[in-house]
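Colleague: 3D, please:
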Amino acid sequence: MAVKQMTAEFYAMHAFNPNDFSAFYDFLVENKDGHAPSIALDKKNDGTDADEKYQIRSISTNRSETVIKAVFGRCRFNENLEQASEGSDDKDVELLPGHGLVEKNHFLFFKENNLVVYQKNGNGSNIGKLQRYLVRNLKKEIALEAVLTEDSYRKLLDSGPLKKLEISVVPPPFSEIEEENYLRDVIKEFESDNAKRIKLVLSADAQHPLPPFYKQSLADLTRAGWTKVARATVAPIANFDKSDDAQLKDEIIDLILNRIKKDFEVVSDDKNKIPSLTIWQGLAKAKDECNQKLKAFFDPN
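Modeller: Got it, this is the predicted structure:
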């Protein structure tokens, strides 16, 4: 047996139409005690579906159906797998007919706040893949927004003059929802035909600040999961006592750094495999240890 460290990330499902607030929950309950549909999210050069398919698997609920356990799986088909030891030649690994290599992200869904506690797994899928999977299946305009240590989105929008903007954007290859199509217009002025990533730093001063709508654009792009860097430097709000001017400093609001994350440890079994139940229990413990921060985000008053 071995101890392994994992990381829990926290996301809240946002529905652009209030009537769709329960869409993710309803989808999970509809497929409980089994697997949801599997779909390809990408295309090959010839326009056919890629050999990777995505699926929410192993869905189960507690008795009151307020907490749901599940796995977001990426199934890789038509792969030529090989195995080897340090002193032996490579040998093929044969999978069962119709089977693929499964890479997993375990997650918990809490009905009350549409909260997703997601296992970060470098060999699995990031949250953007889960969002695209849900949009495709639900046919709803939803987003999985990172939960922050405080409502930094609102803090940014309510802040003083914008003096500096630092942003690195990686747009997805295509978008399923109108909201994200709008976001393409937000960065259109900085986009070139072959750009894979857009990095931007804009600076100004408090007397001649950057346009206020840049704050909303930064928040929108970050909520959609497009940004790798999302940082704003803002001056103090103007309605302060002038005598205290010297004590007031600029504030840096970092929408990436402020994300809630929690490391947790799991122990493998006799076969050096980590059971799903162990990972779900680790995610639940991580959520319990972050309850105060989560409450501050969902109920700031």
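Colleague: confidence score at residue 45?
Modeller: In this model, residue 45 is scored at 78, pLDDT.
Colleague: quick check: the gap between it and residue 52.
Modeller: Look at residue 45 and residue 52: by Cβ to Cβ, to the nearest Å, they are 15 Å apart. All C-beta atoms are positioned from the backbone trio N, CA, C, and that covers glycine.
Colleague: higher neighbour count, the two?
Modeller: residue 52 (19 against 6; other Cβ atoms under 10 Å).
Colleague: is it true that the more buried one touches residue 41?
Modeller: Yes - the pair residue 52 and residue 41 passes the contact test of Cβ atoms under 8 Å, sitting 7.5 Å apart.
Colleague: now the helix or strand hosting residue 201: buried residues?
Modeller: Using DSSP states H and E, residue 201 falls within strand 198-203. By 16 or more other Cβ atoms under 10 Å, the buried positions in strand 198-203 come out as residue 198.
Colleague: what average pLDDT does the helix or strand that comes right after that strand get?
Modeller: Toward the C-terminal end, the helix or strand that comes next after strand 198-203 (DSSP H and E) is helix 213-223. Helix 213-223 carries an average pLDDT of 85.
Colleague: can you tell me what sits against helix 213-223?
Modeller: Under the criterion Cβ atoms under 8 Å, 6 or more residues apart in numbering, residues 14, 143, 145-146, 153, 156-157, 159, 162, 165, 167, 169, 182-183, 186-187, 202, 227, 230, 232, 255-256 lie in contact with helix 213-223.
Colleague: in a helix, residue 108, correct?
Modeller: No - according to DSSP: H, G, I helix; E, B strand; the rest coil, residue 108 belongs to no helix; its state is strand.
Colleague: check the gap between the nearest residue to it once chain neighbours are set aside and residue 164 for me.
Modeller: Sequence neighbours aside, residue 117 is the residue nearest to residue 108 in space, at 4.4 Å (criterion: Cβ to Cβ, 6 or more residues apart in numbering). Applying Cβ to Cβ, the value for residue 117 to residue 164 is 33 Å.
Colleague: try residue 280
Modeller: 42 Å.
Colleague: counting neighbours, go ahead and name the busier of those two.
Modeller: Shown here are residue 280 and residue 164; by other Cβ under 10 Å, residue 280 has more neighbours (21 against 18).
Colleague: got the contact list for the residue nearest to residue 113 when sequence neighbours are not counted?
Modeller: Of all residues beyond its chain neighbours, the one nearest residue 113 is residue 298 (5.0 Å), with distances taken as Cβ to Cβ, 6+ apart. Contacts for residue 298 (Cβ under 8 Å, 6+ apart) come out as 12, 113, 115.
Colleague: name the element the first one belongs to?
Modeller: With secondary structure defined by DSSP H and E, residue 12 is part of strand 3-15.
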